[in-house]
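Novice: need a structure here:
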Amino acid sequence: MSDLPNDICVVLPVWNGARFLREALESVLGEKGENLHVVVVDDGSTDESATIARSFGERVRCISRAHQGLAASMNCGIRESKSEFLSFIDSDDLWVPGRLEKMNDLQRKSGKDIVLGLTQLKGTELPPGFRWPVPQSEPVLTMSLGASLIRRSLFDRLGLFDETLIHCGDWDWFLRLREAKVPVAILRETVLRYRRHDGNMTLNVRQGQSDQFRILKNSLDRRKNLASGATPVSLPNLQDPSYGTF
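Specialist: Numbering: from 1, shown residues only. Just a heads-up that it's a prediction; the model follows:
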């Protein structure tokens, strides 16, 4: 296929991410299709992030606003989007060439509202003393927005991102998706390269663990309520071939 029949908006939140932003945008804009729109939400950056985003001209719409956090920025991008499908990328990550065409084809064949591909971790400019066993990991299936193609109506059904969370907002949303037993089409190919570097939010281990415990507890509470008892409803396993794997 030479284009993308589905109308797709790519949401890119950025906060002082000028170091890698141009490469991230170039990896998105290298995808084929006239129905591809990019919205950059500049979350009060004090570096050149907004200037870099606007240097791409009409291909990128840049919304600058006061700093409100990652989840609020993603929600802003979703609200501003008019497209039927959404995809996401962090300002320091890279899309693998050809990913949208493959994900779009799988979506059309499967009829699913969400397609999830594989993520590959890549160590880049790591801080002193930070242990990273290999320069690049094997591709893994994980709950990653950057490796997803999502029908916009799923956010109407499941809700937007929890803006009280500093970390793991994507995991929280994916837990809600799994609780609702939304079928997922799995593309067994690498679609995202996730950079590990000295500026990653995830380096704040204490805050990350706090948010992880919180979202897991919230999920357990919701599933207990669904079960009307002490035993929570179990979550479907994304690795299970019967759960939407293609």
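Novice: need the mean per-residue confidence for the longest strand along the chain.
Specialist: Across the chain, the strand with the greatest residue count (assigned by DSSP state E) is strand 185-196. Averaged across strand 185-196, pLDDT comes to 92.
Novice: what's the answer for stretch 223-235, then?
Specialist: 59.
Novice: Ser49 reaches Phe20, doesn't it?
Specialist: No - contact criterion Cβ atoms under 8 Å: Ser49 and Phe20 do not qualify, at 10.2 Å. All C-beta spots, glycine's among them, are computed from the backbone N, C-alpha and C.
Novice: so what sits against both of these two?
Specialist: Listed contacts common to Ser49 and Phe20 are Ser91; contacts here mean Cβ atoms under 8 Å, 6 or more residues apart in numbering.
Novice: does Lys82 count as helix, strand or coil?
Specialist: Secondary structure for Lys82, judged by DSSP: H, G, I helix; E, B strand; the rest coil, is coil.
Novice: could you find the closest non-adjacent residue to it?
Specialist: Once flanking residues are discounted, Lys82 sits nearest to Cys9: 7.3 Å by Cβ to Cβ, 6 or more residues apart in numbering.
Novice: over to Phe174?
Specialist: Nearest one to Phe174, counting by Cβ to Cβ, 6+ apart, is Met143 at 3.8 Å.
Novice: coming back round to it: tally of neighbours for the residue nearest to Lys82?
Specialist: 22 (other Cβ atoms under 10 Å).
Novice: could you do Lys217 as well?
Specialist: 10.
Novice: which residues touch it?
Specialist: Counting by Cβ under 8 Å, 6+ apart, there are no residues that Lys217 touches.
Novice: any stretches of this protein with poor pLDDT?
Specialist: For the chain, residues meeting the criterion pLDDT under 70 lie at 1-5, 123-137, 197-211, 224, 226-246.
Novice: mind listing what the spatially most central residue of it touches?
Specialist: Central residue of the chain (Cα atoms, centre = their mean): Leu145, 1.8 Å from the mean position. By Cβ under 8 Å, 6+ apart, the residues touching Leu145 are Met74, Phe88, Asp170, Trp173.
Novice: now Val184. Its backbone dihedrals?
Specialist: phi -120, psi 130 (degrees, to the nearest 10).
Novice: mind listing what Ser138 touches?
Specialist: For residue 138 the amino acid is Glu, not Ser. Gln120.
Novice: for Ala24, see how far away it is.
Specialist: From Glu138 across to Ala24, the span is 22 Å (Cβ to Cβ, to the nearest Å).
Novice: show me where this protein has strands.
Specialist: 8-14, 36-43, 60-65, 85-88, 94-95, 114-123, 148-151, 185-196.
Novice: state the distance from the residue nearest to Phe174 to Gly98.
Specialist: 23 Å.
Novice: out of those two, which sits in the busier spot?
Specialist: Between Met143 and Gly98, counting by other Cβ under 10 Å, Met143 is the more crowded of the two (19 against 13).
Novice: thinking that one is in contact with Trp171, fair?
Specialist: Yes - contact criterion Cβ under 8 Å: Met143 and Trp171 qualify, at 5.5 Å.
Novice: re earlier: report the inter-axis angle for the longest strand of the chain versus strand 114-123.
Specialist: Here the directions of strand 185-196 and strand 114-123 differ by 30 degrees (axes from the mean of the first three to the mean of the last three Cα atoms, to 10 degrees).
Novice: chain center to strand 185-196: distance?
Specialist: Its chain's C-alpha centre and that of strand 185-196 lie 11 Å apart, by Cα atoms, centre = their mean, to the nearest Å.
Novice: show me what that strand packs onto, helices and strands only.
Specialist: strand 94-95, helix 99-110, strand 114-123 (3 or more Cβ pairs under 8 Å, 6 or more residues apart in numbering; DSSP states H and E).
Novice: please point out which parts of it sit buried.
Specialist: Ala185, Ile186, Leu187, Thr190, Val191, Leu192, Arg193, Tyr194, Arg195, Arg196 (16 or more other Cβ atoms under 10 Å).
Novice: lovely, talk soon.
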